[in-house]
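A.B. asks: sequence first, predicted model second:
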2 protein chains.
Amino acid sequence: MGAPNEGILSEEPLYDPKILERLDFNKVRSKFNPPVSAVRPGEGLRVRPLRRADFHRGFLQLLSQLTAVGDVSEEQFLKRFDAMQSCPNTYYVTVIEDTTNGQVIGSSTLVIEQKFIHGCAVRGRLEDVVVNNTYRGKQLGKLIIMTVTLLAEELNCYKMTLDCKDNLIPLYSSLGYFLEKGNSNYMQIRFDKAPS
Amino acid sequence: MGAPNEGILSEEPLYDPKILERLDFNKVRSKFNPPVSAVRPGEGLRVRPLRRADFHRGFLQLLSQLTAVGDVSEEQFLKRFDAMQSCPNTYYVTVIEDTTNGQVIGSSTLVIEQKFIHGCAVRGRLEDVVVNNTYRGKQLGKLIIMTVTLLAEELNCYKMTLDCKDNLIPLYSSLGYFLEKGNSNYMQIRFDKAPS
């Protein structure tokens, strides 16, 4: 038996799902055929914020199609969910659910960074985009990317940025992202702490 | 007359300054001549977290040497400072102060992002690096970059990343950052909201 609030908490969204209803997919209509949107992603699909119960709906297994996730326990997952939720207006982990089997089959994250520059502006970052490889060819990659991109705009970001591999440049270019001449370098330094 | 706690609040650091004492500059000794560190940055200089009172010490004027800052009021600045502070373990705005005149003459920010991937890891991002252009040639750019880089390692980030212009590649390369073959693209999309 769980704690009294467990049921309610487990389906509580990471952020207010109403924001998704405000996104104007008309702006990006030309990028989809047939037209889809966060509110109408296609039959048997739903776009929504991450929930705690998604631990049991294959969320981490989905992420492992993107990169190494390691052996994350439910406790660790919930702790990280809570930590994200405790940062106001920062983490917008957004998923696509297959409502026919209740599995999470797509995900992407908008992370918002607060600045002092540009009149104390906020900017967005696109992170951890993944679609279950058995659901290819349904425009779901483009859908989840444009959902969090429009979300960044809706939340008053002055720009959205991403770091990517060479082979993804055509996809992101087709969605309005660009490499700025002389200003498109992503550099990194790795620390000894080997990620699992 | 200010509020009773104004004096205390105004000098409260954005994050615990003790972390800076733990950074191991011996690791990066070869990058500096003469050797400097966050604790010993050079005579008349101090490296420390941002404080609210830095609004009156030229912090925003310094940032305006980097990019457009716009007309930010003290109220806006304090609101943004508070918003950063309300996100636990996220914003590490670090400055260099010239203790002879009390002015902020260098700054750089580590922003930490929480992940589910890599065993619920955290990663760091290097943002908004600037040194007052009348203080060039004192290794202060390298010092403020390595301070927040070592800070990211100290705070258990598995990697630190940055996006930069072509002309800064040699500097960052000399400090251990690298362009990963096939994975070094920084892309962006700009929204209508014109930053001030």
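C.D. replies: Happy to help now that I have it.

A.B. asks: rest of the way, CA atoms for contacts and neighbours
C.D. replies: Will do.

A.B. asks: so what touches the longest helix along chain A?
C.D. replies: The helix that spans the most residues within chain A, counting by DSSP state H, is helix A:140-154. Contact partners of helix A:140-154, identified using C-alpha atoms under 8 Å, 6 or more residues apart in numbering or on different chains, comprise A:19-20, A:22-25, A:36-38, A:41, A:92, A:94-96, A:106-110, A:112, A:123-124, A:126, A:129-131, A:159-160, A:175, B:191.

A.B. asks: where along chain A do the strands fall?
C.D. replies: A:45-49, A:91-98, A:103-114, A:122-131, A:157-164, A:185-190 (DSSP state E).

A.B. asks: one step back: run the chain-centre distance for the longest helix of chain A.
C.D. replies: Computed by C-alpha atoms, centre = their mean, to the nearest Å, the separation of helix A:140-154 from the middle of its chain amounts to 8 Å.

A.B. asks: between strand A:91-98 and that helix, find me the angle.
C.D. replies: With axes from the mean of the first three to the mean of the last three C-alpha atoms, to 10 degrees applied, the angle from helix A:140-154 to strand A:91-98 works out at 150 degrees.

A.B. asks: where does chain A dip in pLDDT?
C.D. replies: For chain A, residues meeting the criterion pLDDT under 70 lie at A:1-7, A:193-196.

A.B. asks: circling back to that earlier point, in JSON lines: the strands of chain A, plus distance to residue A:67 and mean neighbour count.
C.D. replies: Formatted as JSON lines, the strands of chain A follow (distance: least, C-alpha to C-alpha, whole Å; neighbours: other C-alpha atoms under 10 Å in any protein chain shown):
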{"stretch": "strand A:45-49", "distance to residue A:67": "21", "mean neighbour count": "22"}
{"stretch": "strand A:91-98", "distance to residue A:67": "16", "mean neighbour count": "24"}
{"stretch": "strand A:103-114", "distance to residue A:67": "13", "mean neighbour count": "23"}
{"stretch": "strand A:122-131", "distance to residue A:67": "9", "mean neighbour count": "21"}
{"stretch": "strand A:157-164", "distance to residue A:67": "13", "mean neighbour count": "21"}
{"stretch": "strand A:185-190", "distance to residue A:67": "16", "mean neighbour count": "21"}
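
A.B. asks: got these as CSV, with distance to residue A:82 columns?
C.D. replies: Below are the strands of chain A laid out as CSV (distance: least, C-alpha to C-alpha, whole Å):
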stretch, distance to residue A:82
strand A:45-49, 14
strand A:91-98, 11
strand A:103-114, 15
strand A:122-131, 19
strand A:157-164, 24
strand A:185-190, 27
